[in-house]
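# Coordinates for the following, if possible.
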Amino acid sequence: MKLSVQWKQKWCISMLTAVLLMPVMSYSVSAATETSTTSQTTAVQTSLPKIKILATGGTIAGSSESNTDVTGYKAGALGIDVLINAVPEMKKVADISGEQIANVGSPDIDNAVLLQLANRINELLASDDVDGIVVTHGTDTLEETAYFLDLVVKSDKPVVVVGAMRPATAISADGSFNLYNAVKIASNPEATGKGVMIALNDRIGAARYITKTNTTGTDTFKSVEQGYLGVVSGDKVYFYNQSTRKHTANTIFDVKGITELPQVDILYEYQNNGSYLYDAAVASGAKGIVVAGSGNGSLSTRSSEGAARAVDQGVTVVRSTRTGSGVVTPLDSDAEIGTLYADSLNPQKARILLMLALTQTKDPTTIQSYFEAY
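Prediction:
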């Protein structure tokens, strides 16, 4: 059947119109797809976990004129904004914001900073606007701050303390990647309820167990006997273990309203030491003394005499060990002179727990139970 000329003309016009409109339709679909993708991306970005980075200084914020200087640098030379801007990749992981709490080398972190940091963390974590905390810190006393926070943070939300062994200006500085990993850990849902963690050298350590073991090596933080909580590998967080000791929301310690912590000193056991150091500590106002004893927290005869005098004056004396690992067990001498034992806490962490214990009680039996529980 022959087609009419009029119908042919209509068919040609419609086909030509379709061809001419094809780029416009393609653009419209493309624009719609792009708009949809942008909306999805925006939705993903707005749903990222909100992580607050609290900076205290340390090597991770250190700087030197030489890029090969890894010991003579100035700690805490850089501010929180510099640290965040140096690792833009973090912003793909979390909604990042920062705050400067202090900017010092970690040997200068004192009780006032600890209280300020802990109260600020508790304030932030009580808000729905914060899902986790990362604390940048010098490594020398990092484990002390982390364990303090492990005992006083009142939330199950993740808290990760991170540092570096090389300043930001050094060749192969480790701070940036450590910070990135810390944000990854704090953003991970599995990090909830794990207690305060320490992130260095791709490992995740429990604040209760991990400690610094080397003066300058990047692989310095180790959990020799209890092991690590997990690792960060291939840009993924893996958790394998968890701490069996009470921590964070499950502790009795609360520093809200506390403006000063009891003075607790550490004494070191060595050959031919004298008991006068105990007398000096008591005279200077110590409410507690931790002894870095030899072996299983052993005290010399002179130290035992000094410890006994301190206990008689109402000072709590706890035996730890200078060995670096192992459990300090009860001895017959504890009952004789009134000393306590630190379980597996090293001297610096035993001091942290004893300070907090003395905010609750002076009863030696109760304090000993804290060392067994925390």
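# So which residues make contact with the helix or strand harbouring F148?
Per DSSP states H and E, F148 falls inside helix 142-152. Here helix 142-152 makes contact (Cβ atoms under 8 Å, 6 or more residues apart in numbering) with 56, 58, 106, 109, 114, 117-118, 121-122, 135, 137, 159, 161, 163, 195-198, 206-208, 210-212, 221, 247-248, 251, 253-255, 348-349, 351-353, 356, 374. Backbone N, C-alpha and C define where each C-beta goes, glycine included.
# same question, stretch 284-297
By Cβ under 8 Å, 6+ apart, stretch 284-297 touches 262-270, 278, 281-282, 299, 303, 307, 310, 315-323, 326, 328-329, 331, 339, 341-342, 347, 350-351, 354-355, 357-358.
# Mark which of these are part of helices, please.
Using DSSP state H to define helices, the subset of the contacts of stretch 284-297 located there is 278, 281-282, 303, 307, 310, 347, 350-351, 354-355, 357.
# Can you turn the buried part of those into a PyMOL selection?
Applying 16 or more other Cβ atoms under 10 Å to those, the buried members can be selected in PyMOL as follows:
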select buried, resi 278+281+282+303+307+310+347+350+351+354+355+357
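# In CSV: the ones in helices among the contacts of stretch 284-297, plus distance to E65 and pLDDT.
Formatted as CSV, these follow (distance: Cβ to Cβ, whole Å; pLDDT from 0 to 100):
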residue, distance to E65, pLDDT
Y278, 45, 98
A281, 41, 98
V282, 46, 98
S303, 46, 97
A307, 48, 98
A310, 48, 98
P347, 36, 98
A350, 40, 99
R351, 36, 99
L354, 42, 99
M355, 39, 98
A357, 45, 98
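# if you take the average position of the protein, which residue is closest to it?
By Cα atoms, centre = their mean, the chain has its centre lying nearest to V161, at 1.8 Å.
# Angles on the backbone of that residue, please.
Backbone torsions of V161, given as degrees, to the nearest 10, read phi -100, psi 130.
# How about F177?
Dihedral angles of F177 (phi, psi; degrees, to the nearest 10) stand at phi -70, psi -40.
# For it, the count of nearby residues, please.
Number of residues near F177 (other Cβ atoms under 10 Å) recorded here: 17.
# separation between it and L200?
Plainly put, F177 is 10 Å away from L200 if you go by Cβ to Cβ, to the nearest Å.
# okay but P167 is in contact with N67, surely?
No: assessed by Cβ atoms under 8 Å, P167 is found out of contact with N67, at 9.2 Å.
# Give me the more crowded residue out of these two.
With neighbours defined as other Cβ under 10 Å, P167 and N67 compare such that P167 has more, 27 against 13.
# could you point out the longest strand in the chain?
For the chain, the strand that runs over the most residues, judged by DSSP state E, is strand 95-104.
# in it, what counts as buried?
Buried residues in strand 95-104, defined by neighbour count with 16+ other Cβ under 10 Å: 95-96, 98, 100-104.
# now swap in stretch 363-374 and tell me
For stretch 363-374, burial by neighbour count (16+ other Cβ under 10 Å) applies to 364, 367-368, 370-371, 374.
# those strands in the stretch 151-300 of the chain, which residues are they?
In order along the chain, the stretch 151-300 of the chain carries the following strands (DSSP state E, counting those that start in this stretch): 159-162, 196-200, 203-206, 211-212, 221-222, 230-233, 236-239, 264-268, 288-293.
# Tell me where this structure is predicted with low confidence.
1-46 (pLDDT under 70).
# Spell out which residues make up each domain of it.
According to automatic domain parsing, the chain comprises the domains 48-250, 264-373.
# Run a quick check on V232 versus V183, I expect a contact.
No: checked against Cβ under 8 Å, the pair V232 and V183 is beyond contact range at 10.5 Å.
# So for those two, which residue has more residues nearby?
Under the criterion of other Cβ under 10 Å, the comparison of V232 against V183 puts V183 first, with 27 against 21.
# Okay then, goodbye and thanks.
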